[in-house]
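J.: quick check, what structure comes out for this input:
(one chain, ligands or ions: 1)
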Amino acid sequence: MKQPTKSRKLFAQASAILPGGVDSPVRAFKSVGATPLFVTKASGSTLEDADGNRYVDYVMSWGPLIHGHAPGGLIKAINATARRGTSFGAPSPLENRLGELVRRLVPSMERVRFVSSGTEATMSAVRVARAFTGRDRIVKFEGCYHGHGDAFLVKAGSGATTLGIPTSPGVPAAVAADTLNARYNDIESVVALFDAHPGKVAAVIVEPIAGNMGVVSPAEGFLDGLRDLCTRHGSVLIFDEVISGFRASAGGAQRLFGITPDMTCLGKIIGGGLPVGAYGGRANIMEMVAPAGPVYQAGTLSGNPIAMTAGIWALERLSPKLYKDMARRATILAGGLADAARAANVPLQVNAFGSVLTPFFTASPVRDYTSALASNTSAYATFFRGMLNRGIYPPPSQFEAWFLSAAHTDRDVKKTIEAAKGAMKEVARAI
Ligand code: KE4
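T.: The predicted structure is shown next:
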């Protein structure tokens, strides 16, 4: 690999323009002790940086690129739409088309509203749930991340945890007071909150498969328990499927687990790599949203035709074979990482679910935020740098998910496992 000279120069320049030199904190490589690589192009499963180094990519834009980087058909479809106009600020048939696709794949979403990010989707869903129930409190889970809306930046996961600011300054105490944190996979902690705040909980928002403390699967009965509690207390159950939507299955985690939330938030894959988020759910809840109802939410580029085109292209190509192939490769990769750690005598737990996985540098199983936080983040940083030097690009944080795609090959996985054998030896020397 060539020295990242150009990336270093670009980062110095960016740091004088953008706070921390990036437009999203987790990209800054702050927790992995390296200079962020400036990417100039990508194709399939490969990223290329400004210095011409190529990597097998497991960030995949943090999840949207289930079909890989820049598939030919997607580029063609986007070009065709762009030639007819890039943004109308008016309804277009493309929104109907993507809306129909979403409803077919996620039938619980009887009505859908498109926005431009996962954050907009979750913020709006919570506002609607509060209006629908006339209540203010929300229950979320320590270590889950629902975007950067004020209500969610209380013990939040993803970059907030990576940077050690799970509860962000700037969130008014009054707002934080309405956010109640429970423990993931601990239904009793949710019962306790409902008991302590009778008749006050508007919604429970949960990542049905957690991805933002690293990958943590729901324990047996956990999601069913949330469904029962919300039904019993008249609270809205919101599945934040920004990661798991169209990723865990074509119908998301809710189809896989057979649980129907009242509302669902989507992002990432729904835009095929372009900015699209969506929220939706039961018609009688979504009819609250302006202009059908009184709850205001709007967006200049919501339903943007080019973004809709990319989303339609991505969702029309979700097939059983796609999920089977990705899961098979993810299982081989998870096993290879575990074997490499064992051979180097490095404590490692690998959590995997379908096409996502996280190697946690800890000896005990990771089932929630507390056990995830027990991971040795400096070991992860050493591992990350070792993988980068061997042409593999994992997420620059212990508390994120690795994503596979249709573009990842057996050869990619083999190369990654080989690289991990070397990187794990470096970890063993460092810890
Ligand atoms: P965006 O606003 O970043 O599109 O979506 C927010 C969001 C909401 N819900 C879940 C479950 C999410 O994972 C996210 C965003 N995920 C992070 C990565 N874990 C985005 C990467 C970043 O912040 O740069």
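
J.: now Lys6: how far from Phe361?
T.: In this view, Lys6 and Phe361 are 31 Å apart by Cβ to Cβ, to the nearest Å. Bear in mind the C-beta positions are built from the backbone N, C-alpha and C, glycine included.

J.: okay, the two: which has more neighbours?
T.: Neighbour comparison, Lys6 and Phe361: the larger count goes to Phe361, with 23 against 17 (by other Cβ atoms under 10 Å).

J.: wait, isn't the more buried one in contact with Gln398?
T.: Yes - counting by Cβ atoms under 8 Å, Phe361 does reach Gln398; the two are 6.9 Å apart.

J.: identify the contacts common to those two.
T.: Contact criterion Cβ atoms under 8 Å, 6 or more residues apart in numbering; residues shared by Phe361 and Gln398: Ser375, Thr377, Tyr380.

J.: wait, is Asn181 part of a strand?
T.: Yes - applying DSSP: H, G, I helix; E, B strand; the rest coil, one finds Asn181 inside a strand.

J.: dump the residue contacts of it.
T.: Neighbouring residues of Asn181 by Cβ under 8 Å, 6+ apart: Val139, Lys140, Phe141, Glu142, Val154, Lys155.

J.: highest neighbour count among these?
T.: Greatest neighbour count in the contacts of Asn181, by other Cβ under 10 Å, goes to Phe141: 31 neighbours.

J.: what sits against it?
T.: Phe141 makes contacts with Asn181, Ala182, Arg183, Tyr184, Val206, Glu207, Ala210, Tyr369, as judged by Cβ under 8 Å, 6+ apart.

J.: can you tell me the closest non-neighbouring residue to Val102?
T.: Nearest residue to Val102 in three dimensions, chain neighbours excluded: Val112, at 5.2 Å (Cβ to Cβ, 6 or more residues apart in numbering).

J.: element containing the one you found?
T.: Of the helices and strands defined by DSSP states H and E, Val112 is found in strand 111-115.

J.: and that strand with the ligand, contact?
T.: No - for strand 111-115, no contact with the ligand is found by Cβ under 6 Å from any ligand atom; the gap never falls below 9.3 Å.

J.: residues contacting that strand, please?
T.: Under Cβ under 8 Å, 6+ apart, the answer for strand 111-115 is 95, 98-99, 102-103, 121, 124, 276-283, 286-287, 289, 297, 299, 302-303, 308.

J.: keep only those of those residues that are also close to the ligand.
T.: Restricting those to those adjacent to the ligand (criterion: Cβ under 6 Å from any ligand atom) gives Gly277.

J.: make a PyMOL selection of the buried ones in the contacts of strand 111-115.
T.: Selecting just the buried residues from the contacts of strand 111-115 in PyMOL takes one command, with 16 or more other Cβ atoms under 10 Å as the test:
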select buried, resi 95+98+99+102+121+124+276+277+278+279+280+281+282+286+289+297+302+303+308
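
J.: let's see which of the contacts of strand 111-115 end up in helices.
T.: Among those, the members falling in helices are Glu95, Leu98, Gly99, Val102, Arg103, Ala121, Ser124, Ala283, Met286, Met308 (criterion: DSSP state H).

J.: in TSV: those, plus pLDDT.
T.: Putting those into TSV (pLDDT from 0 to 100) gives the following:
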residue	pLDDT
Glu95	98
Leu98	98
Gly99	98
Val102	98
Arg103	98
Ala121	98
Ser124	98
Ala283	98
Met286	98
Met308	98
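
J.: nearest to the ligand among these?
T.: Each of the ones in helices among the contacts of strand 111-115 was scored against the ligand by Cβ to the nearest ligand atom, and Ala121 proved nearest at 7.2 Å.

J.: just the C-alpha atoms of stretch 286-304, please, in PDB.
T.: Backbone C-alpha positions of stretch 286-304 (Å, rounded to 0.1, in the frame of the first residue of the first chain) are rendered in PDB as follows:
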ATOM      1  CA  MET A 286     -50.100   8.500   9.500                       C
ATOM      2  CA  GLU A 287     -53.300  10.400   8.700                       C
ATOM      3  CA  MET A 288     -52.000  12.800  11.400                       C
ATOM      4  CA  VAL A 289     -49.300  14.000   9.000                       C
ATOM      5  CA  ALA A 290     -49.800  17.300   7.200                       C
ATOM      6  CA  PRO A 291     -51.400  18.100   4.900                       C
ATOM      7  CA  ALA A 292     -53.700  15.100   5.700                       C
ATOM      8  CA  GLY A 293     -53.600  16.000   9.400                       C
ATOM      9  CA  PRO A 294     -52.200  18.600  11.700                       C
ATOM     10  CA  VAL A 295     -48.600  17.300  12.400                       C
ATOM     11  CA  TYR A 296     -46.200  19.300  10.300                       C
ATOM     12  CA  GLN A 297     -43.300  17.800   8.500                       C
ATOM     13  CA  ALA A 298     -41.800  18.900   5.200                       C
ATOM     14  CA  GLY A 299     -38.700  18.800   3.000                       C
ATOM     15  CA  THR A 300     -37.400  20.600  -0.100                       C
ATOM     16  CA  LEU A 301     -35.900  17.500  -1.600                       C
ATOM     17  CA  SER A 302     -38.200  14.900  -0.100                       C
ATOM     18  CA  GLY A 303     -39.100  12.400  -2.900                       C
ATOM     19  CA  ASN A 304     -36.300  13.700  -5.200                       C
END
